[in-house]
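Participant: Sharing a sequence plus its predicted fold:
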Amino acid sequence: MRIATWNVNSLRSRIDRVEAFLARHDVDVLAVQETKAREDQLPLMGLQAMGYDVAVAGVNQWNGVGLISRVGLEDVQVGFEGMPGWGEPLAAESRAIGAVCGGVRIWSLYVPNGRKPHDPHYVYKLDWLQRLREAAGSWLDGETALVGDWNVCPTDEDVFDPAQFRNSTHVTPAERAAFHAFLEDGYAEVTRKHDPGYTYWDYYRQRFERDRGLKIDFVLASPALAARVTSAFVDREERAGAGASDHAPVVVDLASVVE
DNA sequence: ATGGTTGAACATCAA
């Protein structure tokens, strides 16, 4: 089974690229972030014609997430227990949607950006990650994937110029500790060893063309799922050209379950 | 420090 995660930066404006990506790589499940649309706003006919089911969450224009699956989409959950929201009118937002796809529970996550250290949104980000950790602890036993835009660079290797980011969000010790807490609990980040490259390049200043990016999109797998991972890669080509998202998709291959 | 680009409730906000 092949799963992928991609911050698409608007599913409506990117639908042609999404369909082409799914076909090009023969993807079974795609977790999307920054969908920026309600389900009733989405052109889903193309995806349905390709055999995919779709579930999305989130009503505001920035933070929506979704799952696109052709191997089942069962037990859909919008948000996780204890997930902190933000004030009105964003209270109805959701940054997490989970479902069982092909026997694997997959969570599509859009971790709060944080804006700037000490900003209320940064406090919210750390709180959100802590509450996710508490919920995720009870999912370790099964085959669980926590995928998406974590908005954290876990190491300096994940930043094109660490000096430039010294006073920025994504790299603070508290954010890195919040990310590593999942690893301490038993989750494994399964993409880095196969592809250490960046996953995000800002639209500003030709950052992609100069390969000045960040690695912030990750796939964390429970032990049973991590044991099934055979390969992974960042689809850098998807970031090139006109009409690209500012993130590239991350693809992970799972070995079939041996009967 | 600032600026640059993109998408959306679009001329302002968020990323």
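Facilitator: Good, I have the coordinates.

Participant: Going by C-alpha atoms from here, please, whenever you check contacts or count neighbours.
Facilitator: Noted.

Participant: My reading is that A:W6 is in a helix; is that accurate?
Facilitator: No: A:W6: not assigned to a helix; according to DSSP: H, G, I helix; E, B strand; the rest coil it is strand.

Participant: Quick check, it in contact with A:H247.
Facilitator: Yes: with contact defined as Cα atoms under 8 Å, A:W6 and A:H247 form a contacting pair (6.8 Å).

Participant: sec struct for the residue most central in space within chain A, please.
Facilitator: By Cα atoms, centre = their mean, chain A has its centre lying nearest to A:G148, at 0.9 Å. The assignment at A:G148 comes out as strand when based on three-state DSSP.

Participant: pLDDT wise, what is it at?
Facilitator: Note on A:G148: pLDDT of 98.

Participant: Without its sequence neighbours, what residue ends up closest to it?
Facilitator: A:L109 (4.8 Å; Cα to Cα, 6 or more residues apart in numbering).

Participant: where's that neighbour, which helix or strand?
Facilitator: Using DSSP states H and E, the secondary-structure element containing A:L109 is strand A:104-110.

Participant: can I get the CA coordinates of that strand in CSV?
Facilitator: Output in CSV follows, covering the C-alpha atoms of strand A:104-110 (Å, rounded to 0.1, in the frame of the first residue of the first chain):
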residue,chain,number,x,y,z
VAL,A,104,-4.3,1.5,8.9
ARG,A,105,-5.5,4.4,11.0
ILE,A,106,-4.3,7.5,9.3
TRP,A,107,-4.4,11.0,10.8
SER,A,108,-4.0,13.9,8.5
LEU,A,109,-2.7,16.7,10.7
TYR,A,110,-2.1,20.4,10.2
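
Participant: Could you check how far it is from the centre of its chain?
Facilitator: Its chain's C-alpha centre and that of strand A:104-110 lie 8 Å apart, by Cα atoms, centre = their mean, to the nearest Å.

Participant: Give me the contact status of it with DNA strand B.
Facilitator: No: applying Cα under 7 Å from any atom of the strand, one finds strand A:104-110 separated from DNA strand B by no less than 9.6 Å.

Participant: right, is whatever helix or strand comes next after that strand up against DNA strand B?
Facilitator: As assigned by DSSP H and E, the chain's next helix or strand after strand A:104-110 is helix A:120-136. No: counting by Cα under 7 Å from any atom of the strand, DNA strand B is not contacted by helix A:120-136; separation bottoms out at 7.5 Å.
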